[in-house]
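Novice: kindly generate the corresponding structure for this input.
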Amino acid sequence: TLTPEGLAELELEEAGSAPEEGEPKRRRRLKHKLSTLIESGILLAGPGVLRVDYKGVVTVADLLDSGKICLGDEEFSSPRAFAVHVKKASTPDLKTDNGWASVLYTGPHTCESEVRPC
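Specialist: Numbering: from 1, shown residues only. Got it, this is the predicted structure:
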């Protein structure tokens, strides 16, 4: 499972403009991109290095150099899109998923503190 620990150097994205005085602060979040993780050497692109285990079914996909996920002739731009696609096969009403928690990276680990092995 990919985790945000140790990825502080990734770009922080403001979840909207600065709040007006008296308004609650808006949350900031890490903007994870597979392409950034590949470019920084944390992940290595390759065939069969990503997988989703859901309801006893294991789905394996390729990670492209561009950061896209390839499953057959379909490409997904994010772990969320890939995980939702896989899980909708058995749960058609599924609307969203935390792809960062669902997609496992099984490729070579280049930085053990950044990627938790499955």
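
Novice: so where's the protein shaky on pLDDT?
Specialist: 1-32, 110-118 (pLDDT under 70).

Novice: following element in sequence after the lengthiest strand in it, please.
Specialist: Using DSSP state E to define each element, the chain has its longest strand at strand 46-54. Per DSSP states H and E, the first helix or strand lying C-terminal to strand 46-54 is strand 57-63.

Novice: tell me the buried residues in that next one?
Specialist: 59, 61-63 (16 or more other CB atoms under 10 Å). All C-beta atoms are positioned from the backbone trio N, CA, C, and that covers glycine.

Novice: what helices and strands are in contact with it?
Specialist: Secondary-structure packing of strand 57-63 (3 or more CB pairs under 8 Å, 6 or more residues apart in numbering; DSSP states H and E): strand 46-54, strand 69-71, helix 79-88.

Novice: and that strand, which strands flank it?
Specialist: strand 46-54 (antiparallel), strand 69-71 (antiparallel) (DSSP bridges).
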